[in-house]
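Engineer: test case, fold it:
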Amino acid sequence: MTASIPEPGTADDWQQLIGSRVELRLDGRMVRTGEVEDATRDSAVMWLRFDGNHGRQLVSKDDGYQVVPVS
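Structural biologist: Now for the predicted structure:
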């Protein structure tokens, strides 16, 4: 497996994003926006809570997701 190069503006340390609003991206395209509810210490996995009735999702870096903080 090769290491992927993060897109500009993406955050690698998901622990630092807990409580922040972010864009979830896959292959450079925005999937959704939401709030980081929790993340593992190694930033491999996070829980992302979406707006409205979309609930939340377990997000893994191994699946190719990138996370971009938004204001």
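
Engineer: hey, let's count contacts and neighbours off CA atoms from now on
Structural biologist: Will do.

Engineer: got the contact list for the residue minimising distance to the centre of the chain?
Structural biologist: Taking Cα atoms, centre = their mean, the centroid of the chain lies closest to Val67, which sits 3.6 Å from it. Residues in contact with Val67 (Cα atoms under 8 Å, 6 or more residues apart in numbering) are 10-12, 22-25.

Engineer: touching, Val31 and Val22? I think so.
Structural biologist: No. Counting by Cα atoms under 8 Å, no contact exists between Val31 and Val22, whose distance comes to 10.8 Å.

Engineer: quick one: low-confidence ranges for the chain?
Structural biologist: Within the chain, the segments meeting pLDDT under 70 span 1-10.

Engineer: what about Val31 and Val22, which has more around it?
Structural biologist: Val22 (24 against 12; other Cα atoms under 10 Å).

Engineer: would you agree the more buried one is in contact with Tyr65?
Structural biologist: No. Val22 is beyond contact range of Tyr65, at 12.0 Å (criterion: Cα under 8 Å).

Engineer: how many neighbours does Leu58 have?
Structural biologist: Counted with other Cα under 10 Å, Leu58 comes out at 12.

Engineer: quick one: it from Arg41, how far?
Structural biologist: As judged by Cα to Cα, to the nearest Å, Leu58 and Arg41 stand 15 Å apart.

Engineer: cool, and Ile18?
Structural biologist: 11 Å.

Engineer: starting from the longest strand along the chain, tell me which strands it pairs with and how they run.
Structural biologist: Determined from DSSP state E, the single longest strand within the chain is strand 29-39. Applying DSSP bridges, strand 29-39 is found paired with strand 21-26 (antiparallel), strand 45-50 (antiparallel).

Engineer: which residues does the residue nearest to Thr40 when sequence neighbours are not counted bridge with?
Structural biologist: Using Cα to Cα, 6 or more residues apart in numbering and skipping residues adjacent in sequence, the residue nearest Thr40 is Met46, 6.3 Å away. In this entry, Met46 is beta-bridged to Ala39, Val59, by DSSP bridges.

Engineer: list the contacts for Met46?
Structural biologist: 14, 36-40, 58-60.

Engineer: any idea how many residues pack against the residue nearest to Met30 when sequence neighbours are not counted?
Structural biologist: Leaving out its chain neighbours, the residue that sits closest to Met30 by Cα to Cα, 6+ apart is Leu24, at 5.9 Å. Neighbourhood size, Leu24 [other Cα under 10 Å]: 21.
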